[in-house]
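**Student:** take this sequence and fold it.
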Amino acid sequence: MQAESLEVLEKANLSSTQARAIVRAIEIEIAGAKDVLATKQDIILSRSEVRQDITLVRSEMKQEVTLLRSEMAELGTQLRGEMKELGVQLRSEMKELGVQLRSEMKELATELRSEMKELAAELRGEMATMRAEIRTEFSVAIATLERRMYAAMLGQMAVLLGMIYFFTR
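**Tutor:** Down below sits the predicted model:
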């Protein structure tokens, strides 16, 4: 305890026991505060610890980045492999679909040809029937025309004979 501290408290009309108690409490607080307050040495130590921590974190980050890059490279390689496999599968499926399409087209072409043959045969039959009908109609028309022509010729012959008879007598 310092004498000046006691004198200041005694001048404030405090008893010496109260003054000593207050000074003692302040000294205890100061002694306890030394552990709490940071000194220049503590700050220097803290800085070096922080620098070490930062260096450690940087090295860990570099390792993590390297690890991530290697994992990304592996994933890229796997992705390329899977894409190649999918490309091969797609090509084989396309070939299969092409073969199926060609076979279906051949089947459809065969069906179309058979239907066309049936239609052609049906058309030929109808044409033959129509041809026969047209021939009979032509025959009837020709026969009718022949009769009319013979009648007209007979009429003209009669007129000619009548004229000859009229002029010769």
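**Student:** just the helices from the protein, written as ranges.
**Tutor:** Along the chain, counting by DSSP state H, helices occupy 3-11, 16-36, 40-168.
**Student:** break this structure down into its structural domains.
**Tutor:** Listed by automatic domain parsing, the domain ranges of the chain are 1-37, 38-168.
**Student:** where does the prediction get shaky in the protein?
**Tutor:** Scanning the chain for pLDDT under 70 picks out the ranges 1-2, 5-6, 9-10, 33-38.
**Student:** let's have the helices of the chain in JSON lines, adding mean neighbour count.
**Tutor:** Where C-beta positions appear, they are placed from N, C-alpha and C, glycine not excepted. Output for the helices of the chain, formatted as JSON lines (neighbours: other C-beta atoms under 10 Å):
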{"stretch": "helix 3-11", "mean neighbour count": "13"}
{"stretch": "helix 16-36", "mean neighbour count": "11"}
{"stretch": "helix 40-168", "mean neighbour count": "10"}
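**Student:** relative to Met163, how far out is the residue lying farthest from the centre of the chain?
**Tutor:** Relative to the centre of the chain, and counting by C-alpha atoms, centre = their mean, the farthest-placed residue is Arg169 at 112.8 Å. Distance, Arg169 to Met163, using C-beta to C-beta, to the nearest Å: 11 Å.
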